[in-house]
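S.K.: sequence below, structure please.
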Amino acid sequence: MREFVLATGNKHKIEEIRAILKDLPIKIIPLSDFPEFPHTIEDGQTLEENAVKKAKEAAVFFKKWAIADDTGLEVEALNGAPGVYSARYAGEPCSYDDNNKKLLKELSGLPKEKRKACFRCVIAIASPDGKIYTAEGKIDGIINPSQSGANGFGYDPIFFVEEYNKSFAELSPSIKNQISHRARALQNMKEKLNQLINML
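M.R.: Sure, this is the predicted structure:
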């Protein structure tokens, strides 16, 4: 079984990515297993830049192939914000709840048709010798005026998926892992992963 370092310590992302890739013959090793790994400064101007940087640094440090993602919530009424700053929208440090409350305050009073948004995710795979592959996934939705649901993390309680008439946080993990931006990005990366597994 091939080992890939997963360049995140976020337990929610680790669970999701492992679940989505469970049918591949790979072992996912998260950064949370290696506290000595230096924190990557996410200073890219795009999701792709941040994902690539995280994957490259982990691949070089561990001398193994590495997988990383960067994800952003883009709200139409805010000209695409919070975007690349989604994880720290309410400042640093901040909680998921802080980010949600700030976003809801900024959209306060807007009707449903003005609350369109999308989640975007870029997955990057990097080799120790500098090979880079990326894939993207996206899902459209609406920002609900209040939080609902106990599943998921981040902006999931306010991201409403009209097809299911539920927020991401109200969907079961199995459904979310089929339709989410991260699931779609990973599905788009699976063919390349299969090729790499056969080559390594």
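S.K.: wait, doesn't Q147 sit right on D156?
M.R.: No. The pair Q147 and D156 fails to qualify as a contact (CB atoms under 8 Å) at a distance of 9.1 Å. All C-beta atoms are positioned from the backbone trio N, CA, C, and that covers glycine.
S.K.: that's a helix at N99, yeah?
M.R.: Yes. Under DSSP: H, G, I helix; E, B strand; the rest coil, N99 sits within a helix.
S.K.: what sits against it?
M.R.: The neighbourhood of N99, defined by CB atoms under 8 Å, 6 or more residues apart in numbering, consists of 82, 86-90, 154-155.
S.K.: try 7 Å
M.R.: Contacts for N99 (CB atoms under 7 Å, 6 or more residues apart in numbering) come out as 89-90, 155.
S.K.: just the strands in this protein please.
M.R.: Here the chain has its strands, by DSSP state E, at 2-6, 26-30, 66-75, 82-83, 116-126, 132-143, 159-161, 166-167.
S.K.: which stretches of the chain have low pLDDT?
M.R.: Counting by pLDDT under 70, not a single residue of the chain qualifies.
S.K.: now do the end-to-end distance for stretch 84-93.
M.R.: Taking CA to CA, to the nearest Å as the measure, stretch 84-93 stretches 16 Å from start to finish.
S.K.: helices along this protein, start to end?
M.R.: Secondary structure of the chain (DSSP state H): helices at 11-20, 47-62, 96-106, 173-179, 181-199.
S.K.: for F4, find the nearest of the ones you listed.
M.R.: F4 sits nearest to helix 181-199 of all the helices of the chain, at 8.2 Å, using CB to CB.
S.K.: name the residues that touch the closest one?
M.R.: 2, 16-17, 20-21, 24-26, 65, 69, 71, 119-123, 125, 133, 135-139, 177.
S.K.: distance of the residue nearest the centre of the chain relative to K105?
M.R.: Nearest to the mean C-alpha position of the chain, by CA atoms, centre = their mean, lies T71 at 3.9 Å. In this view, T71 and K105 are 22 Å apart by CB to CB, to the nearest Å.
S.K.: before we move on, what about D140?
M.R.: Separation of D140 from K105 (CB to CB): 23 Å.
S.K.: among the contacts of helix 181-199, name the buried ones.
M.R.: 16-17, 20-21, 24, 26, 65, 69, 71, 119-123, 125, 133, 135-137, 139, 177 (16 or more other CB atoms under 10 Å).
S.K.: now do stretch 81-92: distance to the chain's middle.
M.R.: The chain centre lies 13 Å from the centre of stretch 81-92; the measure is CA atoms, centre = their mean, to the nearest Å.
S.K.: wait, what's in contact with the residue nearest to K114 when sequence neighbours are not counted?
M.R.: Once flanking residues are discounted, K114 sits nearest to A77: 5.2 Å by CB to CB, 6 or more residues apart in numbering. Residues near A77 by CB under 7 Å, 6+ apart: 107, 110, 114-115.
S.K.: ok, 8 Å please
M.R.: Residues near A77 by CB under 8 Å, 6+ apart: 107, 110, 114-116.
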